[in-house]
Every structure is written in C-alpha cells, then in structure tokens.
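Chemist: Next come a sequence and a model predicted from it.
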Amino acid sequence: MAARLPERWYGPPSRRSLLEPLGWLYGALMRLRRRAYAAGMLSSVRVACPVIVIGNLTVGGTGKTPLTLWLARALRARGVEAGILSRGYGRSGGAVRVVRGDSAWTEVGDEPLLLARRSGCPTVVAADRVAGARRLIELGARVILCDDGLQHLRLARDCEILVIDGARGFGNGRLLPAGPLREPEVAALARVDLKVVNGAPEHASLAGAGALLRMDLIPGAAYALAAEQGSRPLADFGGTPVHAVAGIGNPARFFRELRDQELNLIEHAFPDHHPLSAADLTFGDDLPVLMTEKDAVKCQGFADARLWYVPVEARFAEADASALLACVCGKLGDLKVAGS
C-alpha cells in the first residue's frame, strides 16, 4: 500500500477514489484547526527572534533541505547567524536535542544530521518546536530556519517559503489519503510569502500557482564513505553500470540527476528515511554504489570501497536569488543585514 499510494497520487489523473471521503474529512479538520488559531481558541507562540518556515504541501521530497542550506549560507554571508530547527523525523524520542556533527542519526534523524554537518549552524530537533526554537536562541541563533513545519501552527512565523517539485506539482490535487496534499493548495498558495519550484515547472497543476522562483539542484563530485578514498568527478563513473540508491521522498529525481550526467544506472529506490543496512547495499557484484547524502549518514558504520555519496547544491538565477533574499531579509525586523 505504501508503494502504491504515491503512484496513484502522482500518476496520471484517475477516476474517483474510494479514499476521497477521507480526504474531505481530513480537509475539514485542517480548516477547523486553522480557524481555531485565527480565532484565538488555539494560540501560536512567538519567540524572541524571526522564524522562517521552509515547507511543502505534499508528501514526499521537494528540495527543502538543499534550500535550507542555501539560505543559511546566504544569511551568514550577510552577517546573520541562523539556527536550524527540525522535528527529526524517524528518530527515537521527541525531546529537545542539539544536533552535533558526530550525533547518531537514530537519535536526531538523518536530515537534521546532514543539515548540521553541511551548514555548521546550530541545529536542534524537537517535537515541541517552540521549545526547540528557544533552545536555538540560547545557542546564539538570530534567525530560525524551520525545516518543514508549514502546517505546525503553534510556532508563530515571520515568513513562509513553499517548496514545490516541478515535475510532480500537487499531484492529483486531492488531500490525504486520496492524494498527496497536506492542506488545500488554493489557501496555502494565497498565504505563503514565497513559492520556490524545484526544477522546471512542468506539471499541469502549477499553471495557476502564480509567481514562482526557480531552484535547480546540481550534483557535485562523488565522495567516498571510506574517507581515505577522497572524491571523484561523476564523469569517472561513466562507461560501466553503477548502482544508484535513494531512500528519499522522491528517488526518481536523484536518479534523473545522475542520468543527466550520462551514467548507466541500476536503480534501487527505498522508502523515505529507510534505515539502510549493509544487506540493502549488497548486490552480488563489486560495482560502485552512488547514494544520496541523506542516505550516506546512515551508512558510515559499514562503509566499504564501493560506497559513494553525491551531494547536491541549490542554485538560482541571479534575479530569483535576489528576490528570495530581499523577501526574507525584509521579514527580519530590526536585525541588521549586510548588503540588504
């Protein structure tokens, strides 16, 4: 069922689904919840620094993590130290926890560990995001980047950035579990401050999405999990088949990025946040194995010479980068931002 649902959500338009009444119920509950916050029946909590939420409307990967890294670096270049807040999906427990570069991914989650290592920013995981935000402020954060949490209304926010996969769009346009939407798209599109599309906006559902800033994810060199082997250009892996492994929300995008580098792939897709084991990566041959950076943080304990990971970097056209930063910096209140 877990494998078939995304096929229905993002596949060709289908007839009415038996799950649609559940989607209507889910949508009604989401609307009631938002109205309760708007009426003051439920309270959002504002913390002592600006909060930028980077989220999505759909189940599955859209590119939030690379955008969070890009924005953290851009703010640092302007003299503003960001802290990164995440729930830490898939970790054990929900307590407030500071993520270190040597943290165990099972205790903090795979994406937060990647974010902490790549950004160098204070990073905290917490089921209670208000408590997590306050811990980041104690650690010196002047602005909080909330990785996901568009629907987590208890933490008040100053800016919302919606990230959309250009190839998948909003899928069949239906709410969970009949479709991939976490909330009705029309209301969300009208509410958010910025809409960033990952890749070309080719899906039909994006025709009425309004102004979109385009982000492209560019793969870099491959890095060996066995660190002594260093790195190699992706072109070095051409000419022979390679295994490609992805346990992310949208494995097809990672495979497409590698195929664009003219690599001959043997594809192995796993569920998002899958706890990869050595057995998962044993294919009966000695061919190289290329995986995502998020998957690599779970494989250090059994690294061997076959295993490599491919980091990606978010890239914007100059005009779109300027528009994104102008909007975000405009939400930072009294903070002094260099170059803005």
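Modeler: Arrived safely, thanks for sending.
Chemist: dump the residue contacts of residue 336.
Modeler: Counting by C-beta atoms under 8 Å, 6 or more residues apart in numbering, residue 336 touches residue 79. Any C-beta I mention is one placed from the backbone N, CA and C, and that applies to glycine too.
Chemist: any idea which element it lies in?
Modeler: If you go by DSSP states H and E, residue 336 is not part of any helix or strand.
Chemist: Next, give phi and psi for it.
Modeler: phi -90, psi 120 (degrees, to the nearest 10).
Chemist: Residue 197 now?
Modeler: The phi/psi pair for residue 197 (degrees, to the nearest 10) reads phi -100, psi 130.
Chemist: now do residue 135
Modeler: Torsion angles at residue 135 (phi, psi; degrees, to the nearest 10) stand at phi -70, psi -40.
Chemist: And residue 91, by the same measure?
Modeler: Per-residue torsions, residue 91: phi -80, psi 170 (degrees, to the nearest 10).
Chemist: same question, residue 285
Modeler: Dihedral pair for residue 285: phi -150, psi -180, per degrees, to the nearest 10.
Chemist: Make 36 the starting number, not 1.
Modeler: Okay, residue one is now 36; in that scheme the one you just asked about reads as residue 320.
Chemist: show me the contacts for it.
Modeler: By C-beta under 8 Å, 6+ apart, no residues touch residue 320.
Chemist: Wait, residue 272 touches residue 298, no?
Modeler: Yes - in this structure, residue 272 is within contact of residue 298 by C-beta atoms under 8 Å, at 5.7 Å.
Chemist: what residues are shared contacts of those two?
Modeler: Contact with both residue 272 and residue 298 is made by residues residue 325, according to C-beta under 8 Å, 6+ apart.
Chemist: quick one: low-confidence parts of the protein?
Modeler: Residues of the chain that meet the criterion pLDDT under 70 lie in 36-38, 48-50, 375.
Chemist: Can you pull up the most central residue in it?
Modeler: Nearest residue to the geometric centre of the chain (C-alpha atoms, centre = their mean): residue 99, 3.0 Å.
Chemist: could you point out the longest helix in the chain?
Modeler: helix 55-73 (DSSP state H).
Chemist: could you dump the following helix or strand past that one to CSV, C-alpha only?
Modeler: With elements assigned by DSSP H and E, the helix or strand that comes after helix 55-73 is strand 86-90. C-alpha atoms of strand 86-90 as CSV (Å, rounded to 0.1, in the frame of the first residue of the first chain):
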residue,chain,number,x,y,z
VAL,A,86,11.2,32.4,12.3
ILE,A,87,11.4,31.4,8.6
VAL,A,88,9.5,28.2,7.7
ILE,A,89,10.6,26.2,4.7
GLY,A,90,7.9,23.7,4.0
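Chemist: That concludes my questions; thank you for your assistance.
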